[in-house]
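# predicted model follows, preceded by the sequence.
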Amino acid sequence: MGYGFKIMVSGDYACFTRPEMKTERVSYDVPTPGAMEGLIKSIYWKPAFRIVVDKIIVFNPIRFINIRRNEVKEKVSFSNVKKQMKDGVPRAELYTTDIKTRSQRGSMILKDVLYGVEFHFELTGIRSENDDESEEKHYNIMLRRLKKGQHFRQPVLGCREFAVKKIELVDEFPMDRVSDTLNGDTDLGFMLYHMKFRDSGIPKDNDWETRKFSDEADAVFYRPHMIDGVIDVAKYKEMMKC
């Protein structure tokens, strides 16, 4: 964990969806490690390393708001995307004006959120063509991108429409800013940790030329406690359950 980072993340809204709610979206009270991994991957990620979240700190009071959202029920087919790339024909599209492709769902989401995230990365053993996959290299790239506020896609807080407002690299977390409403030991119950892909990021038949990956994944859960606003993810992930 010599190459670790601490960041502050804020946003107007967030939704870390409980998987047991099948019809309407309901957010967990706090972020899942998987959601924070995805946020960090929006800044910088390579198959050569995995993001490991060590600690999540909740600073603001946990407040919910109910909204209704339009959601798209279908996906653009992969075959249409390939055809568009090959022929230049604009087929890879969905029209949300078509009532058949969208549905309106109620959502209970978080508002006015501020989180601290402590994380590090671990090498996976997967190497690129230049074979230069040192920890120091990836640390310096991540550090530079965090300092400059760079990302290759918009970081989000759970759902894509809830964009991160600000990401700040810090040396230490301002623990005096943790809300008094979060004092004490809160049992968060079983929460989704992340989705574990069965291929572990390695293409089928180890074929790196065509790179066909599997979409099969298993939900991994853990049961953390939040103590005075701090979730020690590294401690509780030892008790993960599939």
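All right, it came through fine.

# C-alpha coordinates for stretch 223-235, PDB please?
This file holds the C-alpha atoms of stretch 223-235, laid out as PDB (Å, rounded to 0.1, in the frame of the first residue of the first chain):
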ATOM      1  CA  ARG A 223     -21.200  -6.500   6.100                       C
ATOM      2  CA  PRO A 224     -19.500  -3.300   7.200                       C
ATOM      3  CA  HIS A 225     -19.900  -1.000  10.200                       C
ATOM      4  CA  MET A 226     -19.600   2.800   9.900                       C
ATOM      5  CA  ILE A 227     -17.900   4.200  13.000                       C
ATOM      6  CA  ASP A 228     -18.100   8.000  13.400                       C
ATOM      7  CA  GLY A 229     -18.600   8.300   9.600                       C
ATOM      8  CA  VAL A 230     -15.700   6.000   8.700                       C
ATOM      9  CA  ILE A 231     -16.100   2.700   6.900                       C
ATOM     10  CA  ASP A 232     -12.900   0.500   7.200                       C
ATOM     11  CA  VAL A 233     -13.500  -1.400   3.900                       C
ATOM     12  CA  ALA A 234     -10.100  -3.200   4.200                       C
ATOM     13  CA  LYS A 235     -11.200  -4.700   7.500                       C
END
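
# what mean pLDDT does it have?
Across stretch 223-235, the average pLDDT comes to 96.

# buried residues in it, which are they?
224, 226, 229-234 (16 or more other C-beta atoms under 10 Å). Placement of C-beta: from N, CA and C, glycine included.

# show residues contacting it.
30, 33, 53-59, 178-179, 182-191, 236, 239 (C-beta atoms under 8 Å, 6 or more residues apart in numbering).

# of these, buried ones?
30, 33, 53-59, 178, 182, 186, 191, 236.

# want to throw those into TSV with secondary structure and distance to residue 168?
Converted to TSV, these look like this (DSSP: H, G, I helix; E, B strand; the rest coil; distance: C-beta to C-beta, whole Å):
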residue	secondary structure	distance to residue 168
30	coil	19
33	helix	20
53	strand	17
54	strand	18
55	strand	16
56	strand	15
57	strand	13
58	strand	16
59	coil	12
178	coil	16
182	helix	20
186	strand	25
191	strand	25
236	helix	26
